[in-house]
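**Student:** sharing a sequence plus its predicted fold:
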Amino acid sequence: MTIPPLFLRRNALIQDYEAEYRRSMIDPDHFWGEVADTLIWEKKWEKVSEFEPPHHQWFIGGKTNITINVLDRNIVNHRRNKVALLWVSENGRETLVTYDRLLRRVCQVANALKAAGVQKGDRVAIHLPNSPDAVYAMLACARIGAIHVVLQTTLGVQALKARLDDTMAKVVFTTDVTYKNGKRVPLKGLMDDAIGGAEYVEKIVVLRREEPKIDLSSEREIDFHEFLDGQPQWINPEIVDAEHPLFILYTSGTSGKPKGVVHVHGGYMVGVFYMAQAMYDLKEYDIFWNTEDIGRILGHSFIVYGPLLNGATVLMREGAIDYPNVHSFWKTAERHGVNILFTTPLTLQTLMRHGDEAIKKYDLNTLRLIASSGDYLTADVHEWAQKKILGKRGCVIDSWWQTELAAPVLGDFLTFNIKLGKVGKPMPGVALDVVSLEDGKTVPPNTSGLLVLKQPLPHLMRGIWNNEERYKKYWKHVPDCFNTGDAAFYDQEGYYCVMGRIDDVVKISGQRISMSEIEKTLSAHSAVAEAAVVGLPDKLQGEKVRAFIVLKAGHKPSDTLKSILRDHIRRELSSNAVPADIEFRESLPKTQDGTVAHNLLKTESLGNLDHP
């Protein structure tokens, strides 16, 4: 249990969680209407929400453009010359962009897109690393009512091609190279192969970063800076309906056709604006460092839209967090006086592996909050970050959400005690339930089940691009409830634990066991840095578990340690959950978004079943 420091509680934007939550549940439309009223609308809505399952609409009849609230309203006050974006590279280069400069540059890109024939509703693909240029392109699309489709720079050719084909992007932004761990990572060749002869792509805008500059290989290619040459630094925002699509973002790790999640101007704007304050206690004077990829929802919502809607300063870094060494990470936090560090458990695990000696060399007194999201935050990593990074001057908080949800729906508030290993309580406006897989009825406390959303949110996705049937599946298990697809349980005090995908289970001797739960239990052991498990067929028990373990420094692989870990699972979880096989590895394979590639581990294991 962690108790947030008194000064943080006294200065929190939301002083009384229980009162705020009750207010949001008594009359959700009034609650969200009040939030929306603090933002600028060209035309106010006639009705806050309408829900006809599986479809929901918000701020019906309202007209706006999200960039008015991200940009225009921040340059008519004291924030005009304030730094909006602060970019840092691995080699120490920095770029500062004020709100005024951001608006001017966004308008230039927007005018260039209009000149290239991009119209309201057209899709524009953005294949750029964490950089101001990526933000310019995203906001420029929003400015003219186009739909941005950000593609992670870690995607391969086929993954890029599938997303381009699905959206039929009219314009593609790409670059010659990005950098990670001191190495150049070529990107344009991948995009060239992905586009191929696709006729729907009319213009390819290439950010050429290296000298000598690479040659442009076709007539539809143009240099990024030439694309902007002569373009005016102002363009009126395209006023759109609140329900007009803002972006399509593809989720990873699914098979078959990629799943393009659609979010819209009005509801998304209201949701991330509020959650940045409620969940992360974000104030306009804060330096908010988000370590994540702009191509994930974590980056969309809390590198770009959430912080900028609140007039804060966002720090983004291109490349690895610990290159050339871990000192570069802490030096960045100290140099820029970071107040809030938004990161993932994987990043915190990486920092923990480096030890805490480096931390002691830097003045981190400005840092008051570490906000973790994107994966399960184990109790030992949480405790390490609290004690070794923040001490008594700040607080580590956890949150849970998905691409489909756009912003946190569960999290730790600064005004209640924090339970390590849990992910807090429902956010204001969020009505959750944990239901049985069999009959869809609410399960009692401390019983695992399916986590569902009982009512829509303004920032809940509006659909899956080009796939209505896939969208409808989210609403099928429990009538009028949104199926998150994750297993969870809650305790008597209302704290939740999300255990991972509901279909991520093994059935051993008739008992259903969450593989994520096994992973969490293994990760809680003092010798384990990372753990992944897969289910494999077994003639006697139906299925068995194989575990892959990365050890912490100071621990060596041994049969004795395997026995200790098996005893740990047997003791902490279940005798049926004990891994039949344990394999020690130097590292675990990862997907494009940094999560463990379970499918690859399972494929390897199935291929080696006869040769253990």
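**Tutor:** Okay, I see it. Residues are numbered from 1 along each chain as shown.

**Student:** helices and strands of this structure: which one bottoms out on pLDDT?
**Tutor:** strand 511-514 (a mean of 66; mean pLDDT, DSSP states H and E).

**Student:** and residue 296, its phi and psi?
**Tutor:** The phi/psi pair for residue 296 (degrees, to the nearest 10) reads phi -110, psi 170.

**Student:** which residues are in contact with residue 39?
**Tutor:** 64, 69, 269-270, 273, 309 (CB atoms under 8 Å, 6 or more residues apart in numbering). In this view, the C-beta of every residue, glycine as well, is placed from N, C-alpha and C.

**Student:** typo on my end, residue 345
**Tutor:** 372, 374-378, 381.

**Student:** would you map out the domains in the protein?
**Tutor:** The chain breaks down into these domains under automatic domain parsing: 6-485, 504-607.

**Student:** surely residue 245 touches residue 266?
**Tutor:** No - contact criterion CB atoms under 8 Å: residue 245 and residue 266 do not qualify, at 10.9 Å.

**Student:** which SS class is the closest residue in space to residue 56 that isn't next to it in sequence?
**Tutor:** In this structure, residue 56 finds its nearest non-sequential neighbour in residue 456, 3.8 Å apart by CB to CB, 6 or more residues apart in numbering. The three-state label given to residue 456 by DSSP: H, G, I helix; E, B strand; the rest coil is coil.

**Student:** if we can go back for a sec, out of the contacts of residue 39, which are inside helices?
**Tutor:** Counting by DSSP state H, the contacts of residue 39 place 69, 269-270, 273, 309 in helices.

**Student:** which one of the contacts of residue 345 sits closest to residue 173?
**Tutor:** Closest approach between these and residue 173, by CB to CB: residue 374, at 25.0 Å.

**Student:** show me what contacts that closest one?
**Tutor:** Contacts for residue 374 (CB under 8 Å, 6+ apart) come out as 292, 296, 298, 344-346, 594.

**Student:** and among the domains of the chain, the most buried is which?
**Tutor:** Mean neighbour count, computed with mean count of other CB atoms under 10 Å, is highest for domain 6-485 among the domains of the chain, reaching a mean of 19.

**Student:** quick one: low-confidence parts of the stretch 451-600 of the chain?
**Tutor:** For the stretch 451-600 of the chain, the stretches with pLDDT under 70 are 503, 505, 507, 509-512, 539-541, 592-593.

**Student:** following the chain past the helix or strand hosting residue 532, name the next helix or strand.
**Tutor:** Using DSSP states H and E, residue 532 sits in strand 528-538. Next in sequence after strand 528-538, counting helices and strands by DSSP H and E, comes strand 542-551.

**Student:** give me the contact list for that following strand.
**Tutor:** For strand 542-551, contacts defined as CB under 8 Å, 6+ apart pick out 506-510, 513, 515, 518, 522, 527-538, 557, 561, 565, 577-588, 601, 605.

**Student:** what's the answer for stretch 222-237, then?
**Tutor:** By CB under 8 Å, 6+ apart, the residues outside stretch 222-237 that reach it are 65, 67-68, 72, 104-105, 107-112, 114-116, 133, 143-144, 173, 175, 203-208, 213, 216.

**Student:** quick check: pLDDT value at residue 439.
**Tutor:** Per-residue confidence for residue 439 comes out at a pLDDT of 87.

**Student:** what is the nearest of the contacts of residue 39 to residue 419?
**Tutor:** Comparing these against residue 419 with CB to CB picks out residue 273 as the nearest, at 27.9 Å.

**Student:** sitting in helices, which of the contacts of residue 345 do you find?
**Tutor:** Those of these mapping onto helices are residue 381, per DSSP H.

**Student:** nothing else from me, thank you.
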